[in-house]
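Q: Turn this into a model:
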Amino acid sequence: MHWQARLDKWFDKDHYTISNQNDGLPNRIEVIEEASDGQGRIEFFGTNHLLKINSGNLNHLPFLKDTKNADGVFLELENSKPLALHIVELKKTINLTKWDEVKSQIRSSLRHSLGFLGVLNLTLPEKLVCHTCYQNDDIQKDRYAKPVLSKPIVGKLLNSKKPDFLEEWLGQKVNISTVFPGFEHKKHQMTSIDGEDIPYAEVRL
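A: Modelled structure (predicted):
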């Protein structure tokens, strides 16, 4: 059975959004966070089908240990082929503590997404992308205020030290889990613009 047939027959329509325009207009998915520590709206536009899981950061697979998910998860598809899994988290301010929290939420959402993909009989795409959306970037300031975080752990080999969070944040790849390949990391700064009640960003896939 094709994934769209499974989606139509097996899924409650309140729990997903699909954008598959055939009129030449780009497909569009939005992620909104209303909590004060990450309030904002981000829109994604692309030429491929976009399928979003409408659970927000709620735990929709309670048998998993990780319960705190990212704000948004959507799949990018070309016909029946999954091209990319996108996981989106919105924060007002990114610092070392929040960055570690973002990675934990992305890791949890990845595991939950495996269940969603399994029901649709789709494989996990090779391309995994995490989108960190923020207003204020305090990573560099926080990193130099707490240099101990990048020092090796006593009694451990040098190559087992904690990651340099600044280097990781500034890079284009981030390791979320040893089980899955590294994610591409996209950073998007949300700003206040005319016509928007909350901070906003727009992304072209």
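Q: that's a helix at Ser108, yeah?
A: Yes: assigned with DSSP: H, G, I helix; E, B strand; the rest coil, Ser108 falls within a helix.
Q: if I pick it, what's in contact with it?
A: 64, 66-70 (Cβ atoms under 8 Å, 6 or more residues apart in numbering). Placement of C-beta: from N, CA and C, glycine included.
Q: From those, list just the buried residues.
A: Applying 16 or more other Cβ atoms under 10 Å to the contacts of Ser108, the neighbour count classes 69-70 as buried.
Q: Any chance of TSV for the contacts of Ser108, columns pLDDT?
A: Below are these laid out as TSV (pLDDT from 0 to 100):
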residue	pLDDT
Leu64	80
Asp66	76
Thr67	74
Lys68	83
Asn69	90
Ala70	93
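Q: Would you mind giving the contacts of Ser108 as CSV with secondary structure and distance to Ser108 added?
A: Formatted as CSV, the contacts of Ser108 follow (DSSP: H, G, I helix; E, B strand; the rest coil; distance: Cβ to Cβ, whole Å):
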residue, secondary structure, distance to Ser108
Leu64, coil, 8
Asp66, coil, 4
Thr67, coil, 7
Lys68, coil, 6
Asn69, coil, 5
Ala70, coil, 7
